[in-house]
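Chemist: Fold the following and give me the result.
(one chain, ligands or ions: 1)
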Amino acid sequence: MRMRRKKWARPELAACPYFLKDPSRFRGAMREQFPRPDQPLWLELGCGKGTFAARLGADHPEVNLLAIDIKSDILAVARRNIQAAYHEAGREVDNLRLCAYEIGLIHTLLSPEDVVEKIFINFPNPWPHTGHRKKRLTHPKQLVLYASFLADGGEILMKTDDEPLFRDTQEYLTQWGFDLTYVTWDLHQSGWPESPMTEHEEKFTAEGIPTKFLAARFRKGCTDVRIAEQLTRYPKFAPPVVPEGVFRPEIL
Ligand SMILES: C[S@@+](CC[C@H](N)C(=O)[O-])C[C@H]1O[C@@H](n2cnc3c(N)ncnc32)[C@H](O)[C@@H]1O
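Modeler: Residues are numbered from 1 along each chain as shown. All right, here's what the predicted structure looks like:
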């Protein structure tokens with residue numbers, strides 16, 4: 001998603017009360033960054049312009065939602081969309097937080113104490129070339145990181161237009177011990193409860209391309225055991241060690 005640089009983006013984010021600056025300092029206390037810390041914590045990874053997060057957060061005051069993207073220009077657009085959706089719903093933005101972060105290092109943002117119930121990954125970059133596949137947000141390298149903070153029974157929910165990514169993701173999840181609980185090649189024709197449309201979903205749907213969707217469950221004592229076994233076979237997929245203070249993936 002290429003965007004022209006927006007002069008207003010960083011000042012608007014800097015002034016935004018629900019944009020987390022230097023977010024890794026909240027690692028282990030992410031729930032406390034919301035006024036109702038006992039509510040379930042959901043994540044959206046690669047939220048882009050935030051249309052999905054805006055709708056989901058506005059429709060679900062009973063959960064807390066952390067929406068993450070690496071690009072601050074896009075997050076600034078997301079902020080405007082979130083403002084508009086909550087305004088329309090007649091609500092304050094009290095259950096949503098935004099942050100700029102490299103998802104490849106998400107284990108330095110969230111710890112096992114942060115206990116995430118759902119992870120939404122919508123239309124992630126498909127990275128079709130073999131040498132680039134480890135950059136996929138559903139690659140085993142990433143699943144290992146998500147497993148470190150998912151609740152027992154926690155879910156990963158993915159939407160995509162891309163068939164090879166969809167097939168490969170099912171394989172990654174199964175091989176790394178997640179239970180695939182729902183798979184459809186056409187979300188809008190399936191019986192899955194309504195899910196807010198994302199930017200990319202609107203575009204692909206208008207072009208007649210069906211949205212593929214899956215849900216997968218993390219099970220303690222099962223998925224984690226399988227991950228540990230797989231890591232002995234594929235040690236290069238272990239979480240990258242980031243020396244304290246050397247590299248900080250925050251943007252603002
Ligand atoms: C193809 S767009 C999809 C946007 C939105 N989810 C949608 O469905 O319309 C992918 C988004 O993921 C973000 N992204 C990709 N890789 C990322 C990473 N490693 N860390 C953080 N954000 C990332 C990009 O900046 C972009 O906004």
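
Chemist: Downstream of the lowest-mean-pLDDT helix or strand in the chain, the next helix or strand is which one?
Modeler: Across the helices and strands of the chain, the lowest-confidence element by mean pLDDT, DSSP states H and E is helix 9-14, at a mean of 92. Going down the chain from helix 9-14, the next helix or strand is strand 41-45, by DSSP states H and E.

Chemist: Contacts for the helix or strand just after that following strand, please.
Modeler: For strand 41-45, the succeeding helix or strand toward the C-terminus, using DSSP H and E, is helix 51-59. Under the criterion CB atoms under 8 Å, 6 or more residues apart in numbering, residues 42, 44, 47, 63, 65, 67, 78, 81-82, 84-86, 88-89, 91, 93, 95-96, 98, 120, 122, 196-199, 202 lie in contact with helix 51-59. Quick note: C-beta positions are derived from backbone N, CA and C, even for glycine.

Chemist: helices or strands next to whichever helix or strand comes after helix 51-59 in the packing?
Modeler: Using DSSP H and E, the helix or strand that directly follows helix 51-59 along the chain is strand 64-69. Using 3 or more CB pairs under 8 Å, 6 or more residues apart in numbering; DSSP states H and E as the contact definition, the elements that strand 64-69 packs against are strand 41-45, helix 51-59, helix 72-89, strand 96-100.

Chemist: For those, could you give me TSV that also reports distance to the ligand, mean neighbour count and mean pLDDT?
Modeler: Formatted as TSV, the helices and strands packed on strand 64-69 follow (distance: least, CB to the nearest ligand atom, whole Å; neighbours: other CB atoms under 10 Å; pLDDT from 0 to 100):
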stretch	distance to the ligand	mean neighbour count	mean pLDDT
strand 41-45	7	25	98
helix 51-59	6	24	98
helix 72-89	5	20	96
strand 96-100	8	25	96
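
Chemist: Tabulate these (CSV), appending distance to D161.
Modeler: Written out in CSV, the entries for the helices and strands packed on strand 64-69 read as follows (distance: least, CB to CB, whole Å):
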stretch, distance to D161
strand 41-45, 17
helix 51-59, 15
helix 72-89, 19
strand 96-100, 25
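
Chemist: circling back: can you pull out the residues in contact with the least confident helix or strand of the chain?
Modeler: Residues lying outside helix 9-14 but in contact with it, judged by CB under 8 Å, 6+ apart, are 19, 21, 72-73, 75-77, 79-80, 98, 100, 252.

Chemist: now swap in stretch 79-95 and tell me
Modeler: Residues external to stretch 79-95 that are found in contact with it (CB under 8 Å, 6+ apart): 12-13, 16-19, 34-36, 39, 49-51, 53-55, 57-61, 63-65, 96, 98.
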